[in-house]
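1. Let me see the structure of the following:
(2 chains)
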Amino acid sequence: ILNVEQSPQSLHVQEGDSTNFTCSFPSSNFYALHWYRWETAKSPEALFVMTLNGDEKKKGRISATLNTKEGYSYLYIKGSQPEDSATYLCAFDGSGNTGKLIFGQGTTLQVKP
Amino acid sequence: DGGITQSPKYLFRKEGQNVTLSCEQNLNHDAMYWYRQDPGQGLRLIYYSQIVNDFQKGDIAEGYSVSREKKESFPLTVTSAQKNPTAFYLCASWDRGRGANYGYTFGSGTRLTVV
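-> Numbers count the residues shown, from 1 in each chain, chains lettered A, B, ... in the order given. Okay, the predicted model is just below:
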C-alpha cells in the first residue's frame, strides 16, 4: 500500500514567522507531486504541481521543493499572514496519465495576528 | 465562470437508504474523481472516470456506485452496503489533455450524515 505522510499534523505560528512542512512519498514510480491549500468552508485549490527532481516552485510568499530520489517535498511560507491559515495537502501521482492521486493527511496551519 | 458544483452541501439519511451525491462540471475536463475524507485521514479515492461511459474503482469502492453518462456529470451513489457512510465527500476533475503540470479542480464537498 502506497503511503504519503505529512508532518507536522498541525502548526501554530505568529504573524510574520516563516514556516515549513514536509511531505514524504514513495520514491519509485514517480509521476508528479501536488500541493493544495484548503481553507475552511472552501474548495481545495492547487498551489503547485511538481514533476522533476530538484524542481523549485514559487507563488508569492509560498515556495516548494522536490526530491524524488529520496521521496520528499518541502513547502515553505515566508512571513506568514493570518490569511495563510489553512490545511495544506500534498498528493502523490504514481499512476501516469490516470490522474489518480494519493493524499497525505494534511498539515493544518494557524497564523495568529 | 467554470467550475465544479456539488449538491447538496449537507445531506441526512436514515440507515439502510441509498443516497446519490451530485457532481457537475462545466470545465470540459475528461477525468473526474470522488474522494472521501474522514477525520485524521487523507482523502481516499472511491471511484474515478477518465472518459464518458467508463469508470474505475478506487481504493475504497465497496458500497458505492457511480455512472458517467455525460462528460459534465459524475454522480456517486452511497448504497446501504457501505458500512460507514457518514463522511465528507469531495468531487474533483482534471484536464488530462494539459498533462501532469496541472492540478485538480475540486468541488466544495457534500457532508453526508447517516442516522
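2. And for the residue positioned nearest the centre of chain B, nearest residue in space, chain neighbours not counted?
-> Residue closest to the average C-alpha location in chain B (CA atoms, centre = their mean): residue B:34, at 2.7 Å. Leaving aside its sequence neighbours, residue B:34 sits nearest to residue B:46 (CB to CB, 6 or more residues apart in numbering or on different chains; 4.3 Å). For every residue, glycine as well, the C-beta is placed using N, CA and C.
3. how close does that neighbour get to chain A?
-> 11 Å (CB to the nearest CB, to the nearest Å).
4. Next: residue B:13.
-> From residue B:13 to chain A the distance is 22 Å (CB to the nearest CB).
5. can I assume the residue nearest to residue B:34 is in contact with residue B:32?
-> No. In this structure residue B:46 lies outside contact range of residue B:32 using CB atoms under 8 Å: 11.4 Å.
6. who's more crowded, those two?
-> residue B:32 (31 against 26; other CB atoms under 10 Å in any protein chain shown).
7. Helix or strand: which one has that one?
-> Taking DSSP states H and E as the definition, one finds residue B:32 inside strand B:31-37.
8. So in that sheet, which strands flank whichever helix or strand comes after that strand, and in what orientation?
-> Using DSSP H and E, the helix or strand that directly follows strand B:31-37 along the chain is strand B:44-51. Using DSSP bridges, strand B:44-51 pairs in its sheet with strand B:31-37 (antiparallel), strand B:54-57 (antiparallel).
9. Tell me the buried residues in strand B:44-51?
-> B:44-50 (16 or more other CB atoms under 10 Å in any protein chain shown).
10. cool, stretch B:71-85 as well?
-> So for stretch B:71-85, counting by 16+ other CB under 10 Å, buried means B:71-72, B:74-76, B:78, B:82, B:85.
11. ok now do residue 50, which residues does it touch?
-> All of this refers to chain A. A:32-35, A:57, A:64, A:66, A:73 (CB atoms under 8 Å, 6 or more residues apart in numbering or on different chains).
12. wrong one, I was asking about chain B
-> A:98-99, B:30-31, B:56, B:96 are the contacts of residue B:50 under CB under 8 Å, 6+ apart.
13. cool, residue B:47 as well?
-> B:33-34, B:55-58, B:61, B:64, B:66, B:76.
14. By neighbour count, which of those wins?
-> When neighbours are counted by other CB under 10 Å, residue B:34 leads those with 28 neighbours.
15. all strands for chain A, in order.
-> Counting by DSSP state E, chain A has strands at residues A:5-7, A:10-14, A:19-24, A:32-38, A:45-50, A:56-59, A:62-67, A:72-77, A:86-93, A:102-103, A:107-112.
16. Let me have those in JSON lines, extended by mean pLDDT.
-> JSON lines is the format used below for those (pLDDT from 0 to 100):
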{"stretch": "strand A:5-7", "mean pLDDT": "97"}
{"stretch": "strand A:10-14", "mean pLDDT": "97"}
{"stretch": "strand A:19-24", "mean pLDDT": "97"}
{"stretch": "strand A:32-38", "mean pLDDT": "96"}
{"stretch": "strand A:45-50", "mean pLDDT": "95"}
{"stretch": "strand A:56-59", "mean pLDDT": "96"}
{"stretch": "strand A:62-67", "mean pLDDT": "98"}
{"stretch": "strand A:72-77", "mean pLDDT": "98"}
{"stretch": "strand A:86-93", "mean pLDDT": "96"}
{"stretch": "strand A:102-103", "mean pLDDT": "96"}
{"stretch": "strand A:107-112", "mean pLDDT": "97"}
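17. Residue 64 pairs with what?
-> Looking at chain A here, since you left the chain open. Where residue A:64 sits in a bridge, its partners, by DSSP bridges, are residue A:57, residue A:75.
18. switch to chain B, that's the one I care about
-> Going by DSSP bridges, residue B:64 forms beta bridges with residue B:78.
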